[in-house]
Structure formats: C-alpha cells, structure tokens
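Undergrad: dropping a prediction and its sequence here:
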Amino acid sequence: MEWFHHPDFSLTVARRQATERFLDALALGTGMVCTAGWSAVRGTLPSDSALRSAANRLAKSGFVTKAPHQGKGQVLRLTDEGTARLPAYLRTRHPWPRKWDRRWYVVLFDVPEARRDYRRGLRDFLKSLRAGCLQMSVWVAPYDIRPQFHDLLLAAGIAEYAILFEARTVLGKPAHDIVHQAWDIDRLQELHLDYLQQAEKAEAWLVDAVPTAEEFHRLAAQEHAALRRAMDDDPLLPEPIWPRDYRGPDVLEAHRRLVRRMSEIRIAPAK
C-alpha cells in the first residue's frame, strides 16, 4: 500500500515530524479526545505513549490546552500560538482572500555578490511570504507585506539593498499574466492533481481495509508529506486572480475528507 509514495519520502524522517501532523490533525476540528483508543487520529503517531508524550510537550510549549473528558482521557485544543504554528493553508477553512484591491507590492533589491548568502536569505524570506519571483531581483505579492518588510528593515538592515513599492500595475501586464510569470503555476497544478489522484485511491482503499498499525502510520505520514508538497509552495492568491483550473480548495477538502475517514478506521489487532 503506497498510495502517496514519493522518492524523497522517508518514514524515519516522517516519524520525527509527528508533532507537525499532530497539530495538523487538531486543526480539522475544535478538539481531539486523547485516550488509549486514539493515536493522534489513529496513526498520526506510532503509539499511545508517543501520543501522550507529544500532547505533554505541546501543552508545555503553550500550543495546546488539555482538559478532562468524561472521566476518560483528555480533550486537546489548539491555542492561538498553536494555530500560528500551522501552515497558512490550515489556519482557516478558506485561506484565500475573497477580494483583491488590485494592488501589487513589489520588492526590488540589489545585493552584491560578496554577500550572496544574505541575498539567498532574502529570497528565502520573500518565498516564505508566498511572494512570486518576476526576475531574480524583482518579487511581487498581491497582498500587503509592508509589516513583514518593516520587520526585516529593523532586524537585517535591508534598506541598504532593497526597496518596497506599492503599484496598481506591474509591467503594464494583466494580473493573470503576472501570476503566471511570477509563480510556477504549471508545476503547482501538477502537484495538486497528483495529490487528488492519490487521495482518491487511498480513500477508496480505506472503505474496506483493516490496516495494521504500521500500515496506518505509513499512510498518515505519506499523506502529510504529500499535502505539504502540494500546498507549501501555493501562493494562496486572492480568488479574483486564481489561475484557470486552480485546484487548491479541492486539495484541502480532499485532505479533510481523508483524515476524517482515517479517524474512523478500525485498526487490525496486533499479532
């Protein structure tokens, strides 16, 4: 059973990312019951002891709260700090702005070759803001990134190398042309489609399957990794400038549906 197989996937590494999957699972509902019958949504963590340890670590860090549940186990809920740790596409049910004020925020920079590590860090920062690269030194975003840019001015002294503009038009091109030039939309759509196809197969398999705990943990870890591949580089553009045939909402809905199905599945008893 390898519905979400990927050559870069490692189950060992995935086990180390169990806390991320734990938070992602909590994001799907108002709370999660932590009892002996739940291993962080049945398979997100490899054992009940791992579940308890992860819950205690997250509570100590302030990412979740714990409360008694009907005399058995505990109910876990995300705090605001825990929600902030989630990827942007999991913090709300609809992470895309429904309106757009037709403003672009354009970052221009010129960092000398002698400071190429600084330049690489700046590009990584802009990518983390989901800005798009028009050219190596020209980046754009359709949402206001002035607060983050101001923080960078204070923390990294970027004023010597970069400047931020607000513009109504960029290169005189239509918004959808800018989108396709600044982001790799073709690649993004391939990743979305790949996730949807694999999720459909996995969901069909779960209808009659009684997986072992190991099979279930592998599926949970692979699904988590596949979702990250599909969505981590998604710019989450405002709806008015979505590319044609954009499938981001379909991916998140498939993820929610699959994880709900996984939370209900019966695990084969250990031999």
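TA: Noted; the coordinates are in hand.
Undergrad: what's the burial count for the closest residue in space to Ala159 that isn't next to it in sequence?
TA: Of all residues beyond its chain neighbours, the one nearest Ala159 is Leu153 (5.4 Å), with distances taken as C-beta to C-beta, 6 or more residues apart in numbering. C-beta: built from backbone N, CA, C; applies to glycine. The local packing of Leu153 (other C-beta atoms under 10 Å) involves 14 other residues.
Undergrad: hang on, Leu153 packs against Tyr161?
TA: No. Between Leu153 and Tyr161 there is no contact under C-beta atoms under 8 Å: 10.7 Å.
Undergrad: how about the residue nearest to Ala159, secondary structure?
TA: The three-state assignment at Leu153 reads helix, by DSSP: H, G, I helix; E, B strand; the rest coil.
Undergrad: from Arg257, how far off is it?
TA: Distance, Leu153 to Arg257, by C-beta to C-beta, to the nearest Å: 43 Å.
Undergrad: what's the answer for Asp124, then?
TA: Look at Asp124 and Arg257: by C-beta to C-beta, they are 33 Å apart.
Undergrad: could you do Arg120 as well?
TA: 39 Å.
Undergrad: ok, back up a step: higher neighbour count, Asp124 and Arg257?
TA: Between Asp124 and Arg257, counted using other C-beta under 10 Å, the more crowded position is Arg257 (13 against 9).
Undergrad: check which helix or strand that one maps to.
TA: helix 248-264 (DSSP states H and E).
Undergrad: how about residues contacting that helix?
TA: Helix 248-264 is contacted from outside by 25, 28, 41-43, 89-90, 94, 96, 192, 195-196, 199-200, 202-203, 206, 216, 219-220, 223, 227, 230-231, 234, 236, 242, using C-beta atoms under 8 Å, 6 or more residues apart in numbering.
Undergrad: for stretch 188-205, same thing?
TA: Contacts for stretch 188-205 (C-beta under 8 Å, 6+ apart): 1, 3-4, 219, 223, 226-227, 229-230, 233-234, 243, 245-248, 250-251, 254-255, 257-258, 261.
Undergrad: among those residues, which ones are buried?
TA: 1, 3-4, 219, 223, 226-227, 229-230, 234, 243, 246-248, 251, 254-255, 258 (16 or more other C-beta atoms under 10 Å).
Undergrad: and the helices in the stretch 101-250 of the chain?
TA: For the stretch 101-250 of the chain, the helices defined by DSSP state H, counting those that start in this stretch cover 116-128, 146-156, 175-182, 185-208, 213-231, 248-264.
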